[in-house]
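Visitor: Prediction below, plus the sequence it came from.
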Amino acid sequence: MNPSSTLRQWLASDTPATRTQARLGAIYRLARRFLTHPIGVLGLAMVASIVLAAGLAPWLPLADPIAQSLDQRLLPPSAAHWLGTDTLGRDILARVVHGARPTLAIVALVLVISVPVGLLVGAAAGLWGGWIDAVLMRVADVFLAFPRLILAIAVAAALSAGLWTAVIAIAATGWPPYARVARAEIAALRRSEFVQAARAIGVSPLRLLFRHALPLSLPSAFVRAALDAPGIVLIVAGLGFLGVGLPPPQPEWGAMVAEGRAIVFEAWWVSTLPGIMILWLSLGFNFVGDAMRDVVDPGVK
């Protein structure tokens, strides 16, 4: 069964119990289809490995990620330090594991802010049309006109370094793509029968927005969020690399790459291993997003 038809079925359900049953059935079918997608399972395992390590970091037998020991600086990987040490003698394994925590937190917070804002703006523009559509989409166009990384760097440089600064800097340009996709989907359904029927029986505009329009744009929003996550990871790393991310000595992958770029030929492990983790997490999110796209809309194959 096509996932979009399943969504329309639960929207047409008469009772809350029937709607809940339809929603659970749709989620179950989508989950089963996703778990049969080998690339999706691989990507999920890659992302889950990072999430699990970051979540258990305080309880893992790791060294202090910010403790300095200058007599052990730039030690190569060994039994004492599995991934070696950096220019200040800090254990790279501990810093890589703890450095995943702010990256994952920023990705999650940016998506929590960008996705709902973009869906609300896009669904309202597509459903109501007219001057509301024109105003909301022109606002989205203004934010889309700015290069995302450049605007993030400008915002982060203007504010004090920190996790919420990075979140605000990235989320400021993160919501317009969701708004454009939601607007296109809802505008195509504006004159569909179930929307016209809801208007005919006196459904309020807000209820029409939240009850009918937003659920139909959720599947594509989830796919877009999974595919957007690698870009957020790279922007976070870019901010840290340029020194406008998290303040030192907090471990952060981009800052770790920047610390080792001048000695990459003498001590390759300082910058190479954090770079591999950036690649690993970004690739995992890409695999998950590709699989979700195939599951939600099998026609793209």
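Guide: That came in fine, so what should we check first?

Visitor: could you point out where this structure is predicted with low confidence?
Guide: 1-24, 161, 297-301 (pLDDT under 70).

Visitor: the longest helix in it is where?
Guide: Criterion DSSP state H: the longest helix present in the chain is helix 92-128.

Visitor: buried stuff in the helix or strand just after that one?
Guide: For helix 92-128, the succeeding helix or strand toward the C-terminus, using DSSP states H and E, is helix 130-144. For helix 130-144, the neighbour count (16 or more other Cβ atoms under 10 Å) marks Asp133, Leu136, Met137, Ala140, Phe143, Leu144 as buried. The way it works is simple: take the backbone N, C-alpha and C, and place the C-beta from them, glycine included.

Visitor: any idea how far the residue nearest to the fifth one when sequence neighbours are not counted is from Gly55?
Guide: When you say that, I think you mean Phe143. Closest residue to Phe143 apart from its sequence neighbours, by Cβ to Cβ, 6 or more residues apart in numbering: Pro176 at 4.8 Å. From Pro176 over to Gly55 the distance is 31 Å, taken as Cβ to Cβ, to the nearest Å.

Visitor: and the two? which has more neighbours close in?
Guide: Pro176 (24 against 13; other Cβ atoms under 10 Å).

Visitor: The more buried one against Ala145, yeah?
Guide: No. Using Cβ atoms under 8 Å, Pro176 makes no contact with Ala145, being 9.5 Å away.

Visitor: so who does Leu234 touch?
Guide: Listed by Cβ atoms under 8 Å, 6 or more residues apart in numbering, the contact set of Leu234 reads Ile278, Ser282.

Visitor: And what about it, helix, strand or coil?
Guide: helix (DSSP: H, G, I helix; E, B strand; the rest coil).

Visitor: export the buried residues of helix 130-144 to JSON lines and tack on distance to Ile39?
Guide: Shown next, in JSON lines, are these (distance: Cβ to Cβ, whole Å):
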{"residue": "Asp133", "distance to Ile39": "37"}
{"residue": "Leu136", "distance to Ile39": "35"}
{"residue": "Met137", "distance to Ile39": "34"}
{"residue": "Ala140", "distance to Ile39": "31"}
{"residue": "Phe143", "distance to Ile39": "32"}
{"residue": "Leu144", "distance to Ile39": "29"}
